[in-house]
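Undergrad: sequence and predicted structure, then a few things I'm wondering about:
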Protein chains: 2
Amino acid sequence: MLDDDAPDDLDPRAQMRWNGWGDHAEAKQLPAAVKALLPVMLGRIPRRAPAAALEDVDLRPSVLDEADRLALAGIVGDAHVRTDHDTRIRHSGGKSTPDLLRRRRSQQDAPDAVIDPADDRQIAAVLRLAGERGIAVVPFGGGTGVVGGLDPDAGGQRTVISLDLRRLTGLVALDEVSGEATLRAGTPAPEAEALLAAHGFELGHYPQSFRYATIGGFAATRSSGQNSAGYGRFDAMVTGLRVVTPTGELDLGRAPGSSAGPDLVRLFLGSEGAFGVITDVRLRVHPLPEVRLHDAWTFADFAAGADALRRVAQLGTGPTVIRLSDEAETGVSLAQVGRLGKALARGCSLIAIFEGESELAAERRVRTSAVLAAAGGTRTGEQPAVEWVHGRFSAPYLRDALLDHGVFCETLETATTWSNLERLKREVTEAITSGFAAHRAKSLVLCHVSHVYPTGAALYFTILAGVKGDDLDVWRDVKSGVNDAIMAGGGTISHHHAVGRDHAPWLEREIGEVGLRVLRAVKSELDPAGIMNPGALIASDA
Amino acid sequence: MLDDDAPDDLDPRAQMRWNGWGDHAEAKQLPAAVKALLPVMLGRIPRRAPAAALEDVDLRPSVLDEADRLALAGIVGDAHVRTDHDTRIRHSGGKSTPDLLRRRRSQQDAPDAVIDPADDRQIAAVLRLAGERGIAVVPFGGGTGVVGGLDPDAGGQRTVISLDLRRLTGLVALDEVSGEATLRAGTPAPEAEALLAAHGFELGHYPQSFRYATIGGFAATRSSGQNSAGYGRFDAMVTGLRVVTPTGELDLGRAPGSSAGPDLVRLFLGSEGAFGVITDVRLRVHPLPEVRLHDAWTFADFAAGADALRRVAQLGTGPTVIRLSDEAETGVSLAQVGRLGKALARGCSLIAIFEGESELAAERRVRTSAVLAAAGGTRTGEQPAVEWVHGRFSAPYLRDALLDHGVFCETLETATTWSNLERLKREVTEAITSGFAAHRAKSLVLCHVSHVYPTGAALYFTILAGVKGDDLDVWRDVKSGVNDAIMAGGGTISHHHAVGRDHAPWLEREIGEVGLRVLRAVKSELDPAGIMNPGALIASDA
């Protein structure tokens, strides 16, 4: 557990750049080949104005009044009601490209204060106080969200605070026989894995945000990691939750399977702080894998590769990781390592990794390889998969380098059935390129499939564009068209990034008017004052 | 689809005994060895009074008035508002032992009418009318429920109807590429499998109620079938739902994986007709298995067998069926086939079945066998597993034979983590035997594990008792003590039978006061008049 009086020293997020991704020391330069390619693909891109320095940012003054501050300090202690410039900026949003573009501006918004409660009792007291005093509460974990779920939105309240869960860390319980671990919600993912590894266990949830994100954040947003083929989405790992709401607390999940009414654990997974604060997460864990076997394959085109993925997912041959890059992403990936020439002729690259008990992993590799070969794949060795593992968390660093060069760069994702996958990919790609074209901007769209299910898969798009006007305005317009295309094309508004405020206007098309009424009814019951993350998940009426 | 004007002729449930299980033609006699064993185990059991004949039952008169009847007939047609004696009795409850004991009495309760809507539009109109006229609505599928979910409970309404979904049958859509099928909720399970098999697919959901239960019933109760190790619980198969509520309709489930807020599909799975009527279910299906491989094993005792199950479930070696009988159940099962003597010395029997693509199934069998052998198991050949498959749906027939002999016979089930499994089994067994002992009745408790998960398993108890007084009163008291023991012992109030009215008083201990408030809030939003299955899932305030 973190020490009460030294909150910053031990916080892994202290390394996180306030206006970019990750640790400054790991910042990436653009590879020369990519730099050369950019003007060819995106046209002449004007250099971006330099980003504002932290100390030069003109922050909206805090409207937390002295009575608020005293009342909050009475619950969490004086040191844990923070209103300094640096702390407020670092809690002013997540890590989407619009977030980072806003961080470059001289005028910025931020929560009025950042509160660090020590435990569930303090959280319950803060929520009670917030309801009484008209304070909106935005729960904050690792700060890596990319859908506007952390915006300092007061909704109809007088003031807004960020409720930072950094002090709720640690392994609360480990049942080694049943393979279940209970972790405090604020535990950063690397710390969670280290705590489990000390007992010979692993959670196995590795989204791109792994190094900074928290266990509670994964639960609140229904995250999905790179090993989802083997260990499942994060929500599939969750066997229990503890949630503190403004009007009471829940301990959910009594058994590995149940028919005791609707599964309420699933109602709080994905609730994004709109119903309450997730404080403990009970999770299925597995023994640390004995081996990790790597394979790379190439397919003639995306359709052939997707068909191979489908066969593997439906037969259930058991890879831990399986992912397919489309032609464009395969080409650019290879350009990054200086092998562009060969690349473009090489179709689509697929990576498959097998982990676990050694004989079983080897058997799964043999069985999966047979399916991939029968589907027309050609094995290209281990090396590309090993390289992918080494670079798996570094893509966001490249985005910073691209933004510095004036290139707009963002990602988005969706999911659909296998039969609809190519059509949706085509329609989303078209919505992106035509959206930018309407603003006279050239764009490049890369896509991969990194999460597979028996009935379908997720599509993950990386977008580069040469925007001449205001990136934020252009992107708002393009993204709106993309969301419409996803809804019209039968996809989900998000496969693993969540709803936040950015997708909230589309949620009614996803779950219908009645579905939205259900969410509002649950929120009204648990949060009658409407203090919990207003505008996230459920769009404001305004 | 069923013909509008000949509702009975094509209904598979027409074969179902009105006061027992299944088809009269398949009724079982008690094996001689069991008959000999009963007085030894349970003492002298008084012969039961003969059951009332259907025509002699004195049924509470229907209070549906002429205006109700005309209004309902205006929606569904005159032929589909049924108030005859036979139809009402056949919709007066499910197939729990208390249900069957009540069916033996001369005075009985029943819904005031049985309505057979043709489609979603008619259902929506019936629910609207019901709200206006104070009519409680109990959705009815196969009628195989065992937790009081079908009781003709008017709650605070003036009258109560059974909404029979028998006319909502058929395969609405099949996506062969994605492996997804949409079935109407009233489709009986055997018809669903036949429709899928015609296209080379299987759902693979085989609970003991398989021959009579419906797709919608499985969804509403979160059923789990005998092949759950391979194909998952029914709720894990569901990818989408259509639900008609009194205040609007929902089409849920847009993608195989999503982070578009809480998974609302899971809020309606297990809703037991309390929020609305499930009318369509979209399901993951798989190709018909190429092979089925059978194995039986024996373990020294339950602890050793349970440890072996755990290793298989956690390693993920992939059996389709895996189940373990405890010492008592192993002994009685063998007694039924005349091998009792050998049996009692033989510990616990385990059955493992492997289905699917032939090479993969064979590989899974080898891998699972290695785990079972390493855990101390001895293989006993294929035959016991083949016999189990042949008899897998016949246990309820034996219950009828036992009830005819005056023996009380019922089942109940729960689930918990692996580390808590033996303790919970012991405590539930103790609650059963001491509960009956308090009524001076001897009892015999058999138990098996038929649903396994990486983190835990379900316990299924079969209870025989020699009750001298009123079976219904004694059982109400014993079952209440058992439910308390399950809650105190960390189990779930039901693993796959659901809540109904029988378990509703315990639901607050399962999900807490806040969890119950959430369910009530959802119900109030969707069913403000409180007409939907009052008292089921959510206990009446009374």
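TA: In hand now; what should we look at? Numbers count the residues shown, from 1 in each chain, chains lettered A, B, ... in the order given.
Undergrad: how about stretch A:363-370 as PDB, C-alpha atoms only?
TA: Extracted in PDB, the C-alpha atoms of stretch A:363-370 (Å, rounded to 0.1, in the frame of the first residue of the first chain):
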ATOM      1  CA  GLU A 363      -0.100 -29.000 -29.200                       C
ATOM      2  CA  ARG A 364      -2.200 -25.900 -29.700                       C
ATOM      3  CA  ARG A 365       0.500 -24.400 -31.900                       C
ATOM      4  CA  VAL A 366       0.600 -27.600 -34.000                       C
ATOM      5  CA  ARG A 367      -3.200 -27.600 -34.300                       C
ATOM      6  CA  THR A 368      -3.500 -23.900 -35.000                       C
ATOM      7  CA  SER A 369      -0.700 -24.000 -37.600                       C
ATOM      8  CA  ALA A 370      -2.500 -26.800 -39.400                       C
END
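Undergrad: neighbouring contacts of that stretch?
TA: The contact list for stretch A:363-370 (Cβ atoms under 8 Å, 6 or more residues apart in numbering or on different chains) reads A:293, A:295, A:312, A:317-319, A:322, A:352, A:354, A:356, A:379, B:359-360, B:363, B:367. Yep, even glycine has a C-beta here, placed from its N, CA and C like the rest.
Undergrad: among those residues, which ones are in helices?
TA: A:Val312, B:Glu359, B:Leu360, B:Glu363, B:Arg367 (DSSP state H).
Undergrad: the third one: what's it in contact with?
TA: By Cβ under 8 Å, 6+ apart, B:Leu360 lies in contact with A:Leu315, A:Gly316, A:Thr317, A:Arg367, B:Gly318.
Undergrad: output those as JSON lines; include the columns distance to B:His286, pLDDT and neighbour count.
TA: Below are these laid out as JSON lines (distance: Cβ to Cβ, whole Å; pLDDT from 0 to 100; neighbours: other Cβ atoms under 10 Å in any protein chain shown):
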{"residue": "A:Leu315", "distance to B:His286": "9", "pLDDT": "96", "neighbour count": "18"}
{"residue": "A:Gly316", "distance to B:His286": "9", "pLDDT": "95", "neighbour count": "16"}
{"residue": "A:Thr317", "distance to B:His286": "14", "pLDDT": "94", "neighbour count": "24"}
{"residue": "A:Arg367", "distance to B:His286": "16", "pLDDT": "96", "neighbour count": "20"}
{"residue": "B:Gly318", "distance to B:His286": "13", "pLDDT": "95", "neighbour count": "22"}
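Undergrad: and the residues you listed, which is closest to A:Ile538?
TA: A:Gly316 (36.8 Å; Cβ to Cβ).
Undergrad: which residues touch the closest one?
TA: A:Pro454, B:Gly318, B:Leu360.
Undergrad: any chance of those residues in JSON lines, plus distance to B:Gly512?
TA: What follows is the contacts of A:Gly316, written out as JSON lines (distance: Cβ to Cβ, whole Å):
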{"residue": "A:Pro454", "distance to B:Gly512": "34"}
{"residue": "B:Gly318", "distance to B:Gly512": "36"}
{"residue": "B:Leu360", "distance to B:Gly512": "43"}
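Undergrad: nearest to B:Leu464, of those?
TA: B:Gly318 (34.8 Å).
Undergrad: is it true that that closest one touches B:Gly230?
TA: Yes - here B:Gly318 reaches B:Gly230: they are 7.1 Å apart, a contact under Cβ atoms under 8 Å.
Undergrad: quick one: is stretch A:451-460 near chain B?
TA: Yes - remark: stretch A:451-460 sits within contact range of chain B at A:His451, A:Tyr453, A:Pro454, A:Thr455, A:Gly456, A:Ala457, A:Ala458, by Cβ under 8 Å from any Cβ of the partner chain.
Undergrad: mind checking which of those land in strands?
TA: In strands, judged by DSSP state E, the following of the residues of stretch A:451-460 next to chain B are found: A:Gly456, A:Ala457, A:Ala458.
Undergrad: and those residues, which of them are buried?
TA: Among those, the ones that count as buried by 16 or more other Cβ atoms under 10 Å in any protein chain shown are A:Gly456, A:Ala457, A:Ala458.
Undergrad: Serialize those to JSON lines and add fields for distance to A:Leu195 and pLDDT.
TA: As requested, those are exported to JSON lines (distance: Cβ to Cβ, whole Å; pLDDT from 0 to 100):
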{"residue": "A:Gly456", "distance to A:Leu195": "34", "pLDDT": "98"}
{"residue": "A:Ala457", "distance to A:Leu195": "32", "pLDDT": "98"}
{"residue": "A:Ala458", "distance to A:Leu195": "29", "pLDDT": "98"}
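Undergrad: of the contacts of stretch A:363-370, which pair is most distant in space?
TA: Pairwise over these, using Cβ to Cβ, the maximum falls at A:Arg379 and B:Arg367, 24.3 Å.
Undergrad: need the pLDDT of A:Met487.
TA: Looking at A:Met487, its pLDDT reads 98.
Undergrad: what comes into contact with the biggest helix by length in chain A?
TA: Counting by DSSP H, the longest helix found in chain A is helix A:507-526. With contact meaning Cβ under 8 Å, 6+ apart, helix A:507-526 is reached by A:245-248, A:267, A:274-276, A:487, A:492-493, A:499, A:530, A:532, A:537-539, B:245, B:247-252, B:254, B:258, B:260-262, B:264, B:267, B:514, B:517-518, B:520-522, B:524-526.
Undergrad: ok and it relative to helix B:507-526, angle-wise?
TA: 130 degrees (axes from the mean of the first three to the mean of the last three Cα atoms, to 10 degrees).
Undergrad: shaky segments in the stretch 401-542 of chain A?
TA: A:542 (pLDDT under 70).
Undergrad: with chain A instead?
TA: A:1-12, A:335-345, A:542.
Undergrad: mind giving me the domain ranges of it?
TA: A:54-164, A:171-287, A:291-391 (automatic domain parsing).
Undergrad: how about JSON lines for those, with distance to B:Asp109 added?
TA: Converted to JSON lines, the domains of chain A look like this (distance: least, Cβ to Cβ, whole Å):
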{"stretch": "domain A:54-164", "distance to B:Asp109": "45"}
{"stretch": "domain A:171-287", "distance to B:Asp109": "25"}
{"stretch": "domain A:291-391", "distance to B:Asp109": "48"}
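Undergrad: of those domains, which is nearest A:Trp506?
TA: Closest among these, using Cβ to Cβ: domain A:54-164, at 11.0 Å.
Undergrad: between the two ends of the closest one, what distance do you get?
TA: By Cα to Cα, to the nearest Å, the extent of domain A:54-164 from end to end equals 21 Å.
Undergrad: what comes up buried for the longest helix of chain A?
TA: Within helix A:507-526, judged by 16+ other Cβ under 10 Å, the buried ones are A:507-512, A:514-519, A:521-523, A:525-526.
Undergrad: in contact with A:Gly179, which residues?
TA: Contacts of A:Gly179 by Cβ under 8 Å, 6+ apart are A:Phe201, A:Arg284, A:Val285, A:His286, B:Gln314, B:Trp418, B:Pro454, B:Thr455.
Undergrad: for stretch A:82-96, list the C-alpha coordinates in CSV.
TA: In CSV, the C-alpha atoms belonging to stretch A:82-96 read as follows (Å, rounded to 0.1, in the frame of the first residue of the first chain):
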residue,chain,number,x,y,z
ARG,A,82,-5.1,18.8,-4.1
THR,A,83,-5.7,21.9,-6.1
ASP,A,84,-2.2,22.8,-7.4
HIS,A,85,-1.7,23.6,-11.1
ASP,A,86,0.3,20.5,-12.0
THR,A,87,-2.1,18.0,-10.3
ARG,A,88,-5.2,19.6,-11.8
ILE,A,89,-3.7,19.5,-15.3
ARG,A,90,-2.7,15.9,-14.9
HIS,A,91,-6.3,15.0,-14.1
SER,A,92,-7.9,17.0,-16.8
GLY,A,93,-8.5,14.2,-19.3
GLY,A,94,-7.3,11.0,-20.7
LYS,A,95,-4.9,10.1,-23.6
SER,A,96,-7.0,10.3,-26.7
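Undergrad: tell me if A:Leu195 really is in a strand.
TA: No - secondary structure of A:Leu195 (DSSP: H, G, I helix; E, B strand; the rest coil): helix, not part of a strand.
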